[in-house]
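Undergrad: for reference, the sequence and a predicted model appear below.
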Amino acid sequence: DGGITQSPKYLFRKEGQNVTLSCEQNLNHDAMYWYRQDPGQGLRLIYYSQIVNDFQKGDIAEGYSVSREKKESFPLTVTSAQKNPTAFYLCASSRGGGMNTEAFFGQGTRLTVV
Amino acid sequence: AQTVTQSQPEMSVQEAETVTLSCTYDTSENNYYLFWYKQPPSRQMILVIRQEAYKQQNATENRFSVNFQKAAKSFSLKISDSQLGDTAMYFCAFMKHGTSGYALNFGKGTSLLVTP
């Protein structure tokens, strides 16, 4: 089945440690996105990528890093510089822009930093 | 970032009734795309309906329809014959093509409760 997979579903880390969230898609989509969701804040864009080896900062990129070495994969690293990393993280992909801009979402990763 | 505003944090509607969720956005662009997404308690994001800005006709998908007012930058969602399964967070989203590709920006959401 085609889809977008985020892993793990729940992640716990100690304060000060970097952590990487996985996002893989087999939809052959060019574009991929990372969002952070906090109560009352909606979805805020962290990073997005339209093609391999290229990515752009979103609205809240500070304290995060990404890579796009393969079309299928767009991992997000939450670094120790992120002041409040505990949140629900959603990854999405889309075929690109224009008429085919429907974004498909993974099931999310709940990150808790203690 | 493009601003998407959903002014109703919470709403409730009785089963079988009609409810309208509001969304406004701010842009100077002429070509863009608008979406409504639903997030049920499972937290899986599901596309409800989409609208291309260059199309004057309002989009419809079964019980879901939009009222797109381009000049007013308004994009409301109407849910007819509400069902208990419609209980969810609803997010309005905006996408335009920029120099760095397409970025999809969301509002803060409206929590909709459908009651028996």
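TA: Perfect, I can see it now. Just so it is clear, the structure is predicted and the values come from calculations on it, not from any experiment.

Undergrad: which strand is the longest one in chain A?
TA: strand A:42-51 (DSSP state E).

Undergrad: kindly export stretch B:30-50 (C-alpha atoms) in CSV.
TA: This file holds the C-alpha atoms of stretch B:30-50, laid out as CSV (Å, rounded to 0.1, in the frame of the first residue of the first chain):
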residue,chain,number,x,y,z
ASN,B,30,-3.8,36.0,-7.4
ASN,B,31,-3.2,32.3,-7.9
TYR,B,32,-3.3,30.0,-4.9
TYR,B,33,-5.1,27.0,-3.4
LEU,B,34,-7.2,26.6,-0.4
PHE,B,35,-8.0,23.5,1.6
TRP,B,36,-10.0,22.2,4.5
TYR,B,37,-8.5,19.3,6.5
LYS,B,38,-10.2,17.3,9.2
GLN,B,39,-8.3,15.8,12.2
PRO,B,40,-10.4,13.3,14.2
PRO,B,41,-9.3,12.1,17.6
SER,B,42,-7.0,9.6,15.9
ARG,B,43,-5.0,12.7,14.8
GLN,B,44,-4.8,11.5,11.2
MET,B,45,-5.1,14.4,8.9
ILE,B,46,-7.8,13.9,6.1
LEU,B,47,-8.4,16.2,3.2
VAL,B,48,-12.1,17.3,3.2
ILE,B,49,-12.2,19.7,0.2
ARG,B,50,-10.0,21.9,-1.9
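
Undergrad: next SSE after the helix or strand of chain B with the lowest mean pLDDT?
TA: Least confident helix or strand, chain B: strand B:101-106 with a mean of 81, by mean pLDDT, DSSP states H and E. Once strand B:101-106 ends, the next helix or strand along the chain (criterion: DSSP states H and E) is strand B:110-115.

Undergrad: tell me what the most centrally placed residue in chain A is bridged to.
TA: Closest residue to the average C-alpha location of chain A: A:W34 at 2.8 Å, with CA atoms, centre = their mean. Judged by DSSP bridges, the bridge partners of A:W34 are A:Y47, A:C91.

Undergrad: per-residue confidence for it?
TA: On the pLDDT scale, A:W34 is placed at 96.

Undergrad: what does A:K83 give?
TA: 89.

Undergrad: residues contacting the residue nearest to the centre of chain A?
TA: A:23, A:45-48, A:58, A:64, A:66, A:74, A:76, A:89-92 (CB atoms under 8 Å, 6 or more residues apart in numbering or on different chains). (Glycine included, C-beta is placed from N, CA and C.)

Undergrad: switch those over to TSV; also include pLDDT and neighbour count.
TA: Supplementary listing: the contacts of A:W34 in TSV, determined by pLDDT from 0 to 100; neighbours: other CB atoms under 10 Å in any protein chain shown:
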residue	pLDDT	neighbour count
A:C23	97	24
A:L45	92	21
A:I46	95	26
A:Y47	95	22
A:Y48	92	26
A:G58	91	20
A:Y64	97	21
A:V66	98	21
A:F74	98	29
A:L76	97	23
A:Y89	98	22
A:L90	97	26
A:C91	97	27
A:A92	94	26
